[in-house]
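*Asks:* pasted the sequence and its predicted model underneath.
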Amino acid sequence: DAGVTQSPTHLIKTRGQQVTLRCSPKSGHDTVSWYQQALGQGPQFIFQYYEEEERQRGNFPDRFSGHQFPNYSSELNVNALLLGDSALYLCASSLAGPNTEAFFGQGTRLTVV
Amino acid sequence: AQSVTQPDIHITVSEGASLELRCNYSYGATPYLFWYVQSPGQGLQLLLKYFSGDTLVQGIKGFEAEFKRSQSSFNLRKPSVHWSDAAEYFCAVGARGSTLGRLYFGRGTQLTVWP
């Protein structure tokens, strides 16, 4: 059973560019959440998708957007990249319902230069 | 406002020694509680979780945690640490509800194990 898979694993972008990160949830999971983890910090919630809609959003600007596809996979898009967007981006999947847990992928390391 | 505090940024223990990592939270009601572990450059692996019931929960790799409502704490323990336990540990909380929403994480505790 494949867990949560993210691609790419590493990425280098220039300031002002746009980037798309991808996530495939654990088999059977229907909810995807994205987190940003800056160096030396805990993960910060960006947003959560369920039934192809954004259900919750953290304190991130509109430059951060996402999408969920009918097969539950998800994309995170970041426009107009800033140096401060350099971080590990983590995708987590879960099954909708009470008493569930989130499983995390290995992350995408984004470096903005 | 919801928050999670891990007061110890870095802890060093000898292999075979016992371990306790502290976690305190601020939340409107009793939340779901989790401990995750992260090895360098890796994602997060769930160690254990508390939803309800017995306040002492067992997890993987010999870890356990105790929920203390009066202290708003969920400390992680292990009786005998192995060198492979060296990693970063994160405490997280999530709202109780019809589904699991956002998680709030502490800033983490880095564990170093001396041989």
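*Replies:* Thanks, I have the structure now.

*Asks:* can we go C-alpha only for contacts and neighbour counts from here?
*Replies:* Fine.

*Asks:* could you report the pLDDT at the closest residue to A:Asn99 other than its chain neighbours?
*Replies:* Spatial nearest neighbour of A:Asn99, excluding adjacent residues (Cα to Cα, 6 or more residues apart in numbering or on different chains): B:Phe51 at 6.2 Å. B:Phe51 carries a pLDDT score of 92 in this model.

*Asks:* ok, B:Gln42 next?
*Replies:* 85.

*Asks:* would you confirm that it contacts A:Gly107?
*Replies:* Yes - B:Gln42 is within contact range of A:Gly107, at 6.9 Å (criterion: Cα atoms under 8 Å).

*Asks:* and the residue positioned nearest the centre of chain A, backbone torsions?
*Replies:* By Cα atoms, centre = their mean, the mean C-alpha position of chain A lies nearest to A:Trp34, the distance being 3.1 Å. Main-chain torsions, A:Trp34, degrees, to the nearest 10: phi -120, psi 140.

*Asks:* who does it bridge with?
*Replies:* Bridge pairing for A:Trp34 (DSSP bridges) gives the partners A:Phe47, A:Cys91.

*Asks:* that one reaches A:Leu88, doesn't it?
*Replies:* No - shown here, A:Trp34 and A:Leu88 do not form a contact pair, counting by Cα under 8 Å, at 10.6 Å.

*Asks:* wait, what's in contact with B:Tyr25?
*Replies:* By Cα atoms under 8 Å, 6 or more residues apart in numbering or on different chains, the contact list for B:Tyr25 reads B:Gln2, B:Ser3, B:Val4, B:Thr5, B:Ser72, B:Ser73, B:Val93.

*Asks:* circling back to that earlier point, I'd say the residue nearest to A:Asn99 and B:Glu66 touch.
*Replies:* No - the pair B:Phe51 and B:Glu66 does not pass the contact test of Cα under 8 Å, sitting 11.9 Å apart.

*Asks:* show me what from chain B comes close to chain A.
*Replies:* Residues of chain B that fall close to chain A, judged by Cα under 8 Å from any Cα of the partner chain: B:41-46, B:49, B:51, B:90, B:96-108.

*Asks:* PyMOL command for the buried members of the residues you listed?
*Replies:* Entered in PyMOL, the line below selects the buried ones among those, by 16 or more other Cα atoms under 10 Å in any protein chain shown:
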select buried, chain B and resi 42+43+44+45+46+49+51+90+96+99+100+101+102+103+104+105+106+107+108
